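**Q** sequence-free structure coming up:
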Ligand SMILES: O=C[C@H](O)[C@H](O)COP(=O)(O)O
Ligand SMILES: C=C(OP(=O)(O)O)C(=O)O
């Protein structure tokens, strides 16, 4: 890693780097991939998981997609323990639910705050991004070997070259669904992509994003060697909407119908994932099970468009400040949005599997 102090390199009066203090050259994506390669067995597993999820989106697989996991990953040991428990649920409910682990390394902030494990893995303002990338890749390799499909938010347009091959599903978040950069990136990503409605509740931005990302784009990015490159994409055919609520929730029947109508008006497939957290839980984690149960009820009543749910779930409930000294952080508790605990997650998914096992099968003609 080589660091250039741009302030000392820029004499007074310079037009450049006025607000840039320093830059460091990072390991290239290819170097990290060589250092931590993806075994063939894991590659096969991810190819199949992406296909399973695409089949759910296009209604060729009856199962309900369940994306469950911490709001953000900050502690690798806790993430591994969560994954081992989630893997049991994945197996237990595999005929009805397709359970994928949320592994979010990049957090979009409303203003400022800890931006995730890649940006600041030590959570102390040391911003050791190279070690963040390495830790993230090591963890993804472990989780894949465990046999869990993995989900993330694609936020940084550079990090996919380092990590994206390990994910089977990605979201474009509420704060970036309207961003051209993110729509271009989504058009080239190799896994199914969900687009969240905007933080104010706007569905239009997600529908526009789906159309944009399904198209081919030309844009500047980096290649695996870390060079700036002109990227040419063919478009992502597996886009769908994620309803996350906004100023008010949008998971109830009326909102789902409105979303179905808007998708139909744009000749888009009616595949909807409901995020049970965020605006839909009014930021109260205890409400997530209520949202999920309402969604299960809609499916039992004959809804055909809901293809999945998302849960913010961790080993223990609630959250804590990411600014606490490391030795004061409680194990298995979120440092970003509050989560439901694992026992509640397991109860909820057992209820869902029981209620939906027959009805989901009858959806696929
Ligand atoms: O899901 C996580 C948060 O809702 C998102 O990153 C915004 O967090 P903030 O409003 O605490 O910055
Ligand atoms: C940031 C997230 O969600 P949203 O984009 O809906 O706020 C998230 O799911 O972590």
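**A** Cool, got the structure. All values derive from a computational prediction rather than experimental measurement. Ligands and ions are numbered 1, 2, ... in the order given.
**Q** list, one by one, the residues from the stretch 151-300 of the chain near ligand 2.
**A** For the stretch 151-300 of the chain, the residues found near ligand 2 under the criterion Cβ under 6 Å from any ligand atom are 153, 173-175, 196, 244, 278. (Each C-beta comes from the backbone N, C-alpha and C, glycine too.)
**Q** now, which of those lie within strands?
**A** Counting by DSSP state E, the members of these that fall within strands are 153, 196.
**Q** following the helix or strand of the chain with the lowest mean pLDDT, which helix or strand shows up next?
**A** In the chain, no helix or strand scores lower on mean pLDDT, DSSP states H and E than helix 6-9, which sits at a mean of 64. From helix 6-9 onward toward the C-terminus, using DSSP states H and E, the following helix or strand is strand 23-24.
**Q** tell me how far the helix or strand residue 310 falls within lies from the chain's centre.
**A** Using DSSP H and E, the secondary-structure element containing residue 310 is strand 306-312. Mean-position distance between strand 306-312 and its chain equals 12 Å (Cα atoms, centre = their mean, to the nearest Å).
**Q** after it, heading C-terminal, what element do we hit next?
**A** Going down the chain from strand 306-312, the next helix or strand is helix 342-363, by DSSP H and E.
**Q** does anything pack onto that following helix? Which helices or strands?
**A** Under the contact definition 3 or more Cβ pairs under 8 Å, 6 or more residues apart in numbering; DSSP states H and E, helix 342-363 sits against strand 64-69, helix 76-92, strand 97-102, helix 288-300, strand 306-312.
**Q** next one: stretch 325-338, is it in contact with ligand 1?
**A** Yes: for stretch 325-338, a contact with ligand 1 is found by Cβ under 6 Å from any ligand atom, at 336-337.
**Q** close to ligand 2, is that stretch?
**A** No: for a cut-off given as Cβ under 6 Å from any ligand atom, stretch 325-338 has no contacts with ligand 2; the smallest distance is 6.7 Å.
**Q** could the helices and strands packed on helix 342-363 go into TSV alongside mean pLDDT and distance to residue 327?
**A** What follows is the helices and strands packed on helix 342-363, written out as TSV (pLDDT from 0 to 100; distance: least, Cβ to Cβ, whole Å):
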stretch	mean pLDDT	distance to residue 327
strand 64-69	99	25
helix 76-92	98	14
strand 97-102	98	26
helix 288-300	98	30
strand 306-312	99	25
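**Q** of all those, which one comes closest to residue 130?
**A** When these are compared by Cβ to Cβ, helix 76-92 sits nearest residue 130, at 16.1 Å.
**Q** distance from that closest one to the middle of the chain?
**A** Between the mean C-alpha position of helix 76-92 and that of its chain there is a distance of 17 Å (Cα atoms, centre = their mean).
**Q** and what of stretch 177-189?
**A** Stretch 177-189 sits 14 Å away from the centroid of its parent chain (Cα atoms, centre = their mean).
**Q** so where's the stretch 1-150 of the chain shaky on pLDDT?
**A** Low-confidence regions of the stretch 1-150 of the chain, defined here as pLDDT under 70, cover residues 1-2, 7-12.
**Q** quick check: residues of it near ligand 2?
**A** Near ligand 2, the residues belonging to the stretch 1-150 of the chain are 71, 104, 108 when assessed by Cβ under 6 Å from any ligand atom.
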